[in-house]
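S.K.: what shape does this take:
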Amino acid sequence: MRASLPPTDAGDAGRPDAPDYAALAGLVRALAHEYGFQRCGITGIELGDDEAYLRDWLAQGLYGSMDWMARHGQMRSRPRELVPGTLRVISVGLDYGRRDDEEAWQTLADGERAYVARYALGRDYHKLMRQRLQRLADRLAEEVGPFGHRVFVDSAPVLERALARNAGLGWIGKHTCLIDRDGGSWFFLGEIYVDLPLPVDAPATAHCGTCVRCIDICPTQAIVAPHRLDARRCISYLTIEHEGAIDEALRPLIGNRIFGCDDCQLVCPWNKFAKRTDEPDFRVRNDLDRATLLDLFAWDEDEFLRRTEGTAIRRSGHERWLRNLAVALGNAPTSPAVVDALRARRDGVSEMVREHIDWALQRHGA
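M.R.: Coordinates of the predicted model:
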């Protein structure tokens, strides 16, 4: 929402009737923690260096088929063009990671099991975070009256990691994820654009040093340089965002990852000792942390929709779900059960899915 408010700027702080913005910033942080966010910071809207980096990344075509990235590139790095009147950005982080790194590695090593990115094992975070952020905004309005604001959770062209870095939530690692010294990288980001001249926090400083574990571990070598991700090779992009056929050369490298990829985070030293928070909404549903490829491949569309209701997996759709599973089954150990399941699925699926099933059958000599 965007409430009406007479224009405000940094000069308002000197008016006798102006709110105590320092106290208001303190209230923002207190409310953020009260509503379940583990980190909160406030930043301005200057993103000049990040805009230049984004422009170069787009010019190289590293965004794959995510055309919306190119369409809104400049607006993404200029908050005031997206929401006129914006002066500050309140950035928050919500933990989702569990202390299950060893179990994650075990699943990745078991070719018969399916690997789902840790963030997608439970409830979809978008609605949950939007509700909490809107509560925070409504509570602020009770203190200062109506003010201009808009809530974002991965829902508009927002350069969220750069804003979060500037707000002190963490630094952007070489894998392009945000890293907090105390919380690692297992957290979601959300923002409130506001037209209140709140005092800003100091930006986070980088602490990756010479470590390149995330670059070395990437199965498809999608991190082509420090802080430079080629989405066209990224397993998260290929299994979630990409709608068509997956490049044959990349299929064997995907392994059993059917929705997203966590390797670069699992190997990050900052996650080894990070504090974890058990958010009930993000607890595993449908035993997705231990499900087998054959179990999930057997879901018809109705069962897929029923079991993925309220989760991030739902938005990929059943067709991409089957495509990803077909690739993973092509990489699985050969067995009569795998071959039979692939053959049984050939009828009644799209031509795109059938092509991936045929590729998998060929991998098993069938």
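S.K.: SS state for the residue most central in space within the chain?
M.R.: Taking Cα atoms, centre = their mean, the centroid of the chain lies closest to F188, which sits 6.5 Å from it. Of the three states, F188 takes strand under DSSP: H, G, I helix; E, B strand; the rest coil.
S.K.: so, low pLDDT: which residues of this protein?
M.R.: 1-17, 73 (pLDDT under 70).
S.K.: mind giving me the domain split of it?
M.R.: 10-101+117-194, 292-366 (automatic domain parsing).
S.K.: would you list these in JSON lines and tack on distance to L253?
M.R.: In short, each C-beta sits where N, CA and C put it, glycine included. What follows is those, written out as JSON lines (distance: least, Cβ to Cβ, whole Å):
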{"stretch": "domain 10-101+117-194", "distance to L253": "16"}
{"stretch": "domain 292-366", "distance to L253": "9"}
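S.K.: what ranges do the helices span in the stretch 251-366 of the chain?
M.R.: 251-254, 263-266, 269-272, 293-297, 301-307, 317-331, 336-345, 351-363 (DSSP state H, counting those that start in this stretch).
S.K.: which one of these lies nearest to Q131?
M.R.: Ranking the helices of the stretch 251-366 of the chain by proximity to Q131 (Cβ to Cβ) places helix 301-307 first, at 23.1 Å.
S.K.: in that closest one, what counts as buried?
M.R.: Applying a neighbour-count criterion of 16 or more other Cβ atoms under 10 Å, one finds F304 buried in helix 301-307.
S.K.: could you do stretch 241-255 as well?
M.R.: Neighbour counts over stretch 241-255 (16+ other Cβ under 10 Å) mark 241-242, 246, 250-251, 253-255 as buried.
S.K.: for stretch 116-128, same thing?
M.R.: 116-125, 128.
S.K.: can you check stretch 340-357 too?
M.R.: By 16+ other Cβ under 10 Å, the buried positions in stretch 340-357 come out as 341-342, 345, 349, 352-357.
S.K.: ok, stretch 60-75 next?
M.R.: Neighbour counts over stretch 60-75 (16+ other Cβ under 10 Å) mark 62-64, 69, 73, 75 as buried.
S.K.: residues in contact with it?
M.R.: Residues from elsewhere that reach stretch 60-75, judged by Cβ atoms under 8 Å, 6 or more residues apart in numbering: 51, 54-55, 57-58, 76, 81-82, 157, 228-232, 237, 241-244.
S.K.: ChimeraX command for the buried members of those residues?
M.R.: Command for ChimeraX that selects the buried part of the contacts of stretch 60-75, burial taken from 16+ other Cβ under 10 Å:
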select :51,54,57,58,76,82,157,228,229,230,231,232,237,241,242
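S.K.: residues touching D289, list them.
M.R.: 100, 103, 107, 116, 121.
S.K.: what segments of the stretch 101-250 of the chain are strands?
M.R.: For the stretch 101-250 of the chain, the strands defined by DSSP state E, counting those that start in this stretch occupy 115-116, 149-152, 171-172, 178-179, 187-194, 223-225, 228-229.
S.K.: helices or strands up against the first one?
M.R.: Using 3 or more Cβ pairs under 8 Å, 6 or more residues apart in numbering; DSSP states H and E, the elements in contact with strand 115-116 are helix 101-109, strand 257-259.
S.K.: which parts of the longest one are buried?
M.R.: So the one you mean is helix 101-109. Residues of helix 101-109 classed as buried: 101, 104, 107-108 (neighbour count, 16+ other Cβ under 10 Å).
S.K.: do stretch 258-274 as well
M.R.: Those would be 258-268, 270-271, 274, for stretch 258-274 by 16+ other Cβ under 10 Å.
S.K.: for L305, state which of those residues is nearest.
M.R.: F259 (15.2 Å).
S.K.: quick check: the closest one vs L229, distance?
M.R.: 18 Å (Cβ to Cβ, to the nearest Å).
S.K.: likewise K127?
M.R.: In terms of Cβ to Cβ, K127 sits 27 Å off from L229.
S.K.: and for A167?
M.R.: Going from A167 to L229 by Cβ to Cβ gives 22 Å.
S.K.: Three-state assignment for S91, please.
M.R.: S91 ends up strand, using three-state DSSP.
S.K.: make 15 the first number, not 1, from now on.
M.R.: All right, first residue 15 from here; so that's S105.
S.K.: show me what contacts it?
M.R.: Per Cβ under 8 Å, 6+ apart, neighbours of S105: 54-57, 174, 177-178, 181, 183, 203-205.
S.K.: since that was my last question, I'll sign off now.
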